[in-house]
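# take this sequence and fold it.
(2 chains)
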Amino acid sequence: GQQVMQIPQYQHVQEGEDFTTYCNSSTTLSNIQWYKQRPGGHPVFLIQLVKSGEVKKQKRLTFQFGEAKKNSSLHITATQTTDVGTYFCAGQGRNTDKLIFGTGTRLQVFP
Amino acid sequence: DSGVTQTPKHLITATGQRVTLRCSPRSGDLSVYWYQQSLDQGLQFLIQYYNGEERAKGNILERFSAQQFPDLHSELNLSSLELGDSALYFCASSVSGGWGTGELFFGEGSRLTVL
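Here you go, the predicted structure:
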């Protein structure tokens, strides 16, 4: 079945450093979403990408969908302590309602 | 507040027992998703309903079952509980079902502890 992997599993950065997490699907996706889960909280939607090669920006966050629609990345510029949490990608395959979450990347930011 | 309500928030029970988790989606949302999150793990997709019908199934155990009622609330039933079923169970809702399902709104989760 469809699998979605993320790397790295953990990332510790100094405040002000950049951070990137990568997401890879075993199958071609119709769309990909990104979520952030703060410690002790629930996942919160960040963005959805639909088009091949699409790039979207939200302030310090840049999201990219690969040309083959099988991979995606999230880049955070100049991390802040408020960025702490686990970032999940979630892929939806073609002709299915399933939204499969990636394994997640836990980000820790040290002041 | 996402608008998705899950009850109970916490539940402690013994092995072999049966529990029911309840989810009320956001007003107007027709789709309900159930996910299981074990300690420090990812979100495992269990099942999805759209407007009362099962639409997609993940790696849901045969001991687990779910349904969505005419008022669109959903229940997840877990039976013959084992220690390994201890986890946080999330419900999420979205406006639509189907391809390009759009943003999921998650509830706060129901934390199940099996002793």
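# residues of chain A that sit close to chain B?
A:30-31, A:33, A:35, A:42-45, A:48, A:50, A:88, A:90, A:92, A:94-104 (CB under 8 Å from any CB of the partner chain). The way it works is simple: take the backbone N, C-alpha and C, and place the C-beta from them, glycine included.
# the residues you listed, buried ones only, as a ChimeraX selection?
Selecting the buried subset of the residues of chain A next to chain B in ChimeraX, with 16 or more other CB atoms under 10 Å in any protein chain shown as the burial test, is done by:
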select /A:31,33,35,42,43,44,45,48,88,90,92,96,97,98,99,100,101,102,103,104
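# which of the residues of chain A next to chain B fall in strands?
A:30-31, A:33, A:35, A:44-45, A:48, A:88, A:90, A:92, A:99-101 (DSSP state E).
# can you pick out the most distant pair from these?
Across those, the longest distance by CB to CB is 22.0 Å; it joins A:30 and A:44.
# adjacent strands (with direction) for the helix or strand of chain A with the lowest mean pLDDT?
Every helix and strand of chain A was ranked by mean pLDDT, DSSP states H and E. The lowest is strand A:99-101, at a mean of 92. Using DSSP bridges, strand A:99-101 pairs in its sheet with strand A:85-93 (antiparallel).
# now do the strand it pairs with and strand A:44-49, the angle between them.
40 degrees (axes from the mean of the first three to the mean of the last three CA atoms, to 10 degrees).
# before we move on, the earlier item: now for the helix or strand that comes right after the least confident helix or strand of chain A, which elements pack on it?
The helix or strand immediately downstream of strand A:99-101 is strand A:105-110, counting by DSSP states H and E. Applying 3 or more CB pairs under 8 Å, 6 or more residues apart in numbering or on different chains; DSSP states H and E, we find strand A:105-110 packed against strand A:10-14, strand A:19-25, strand A:85-93.
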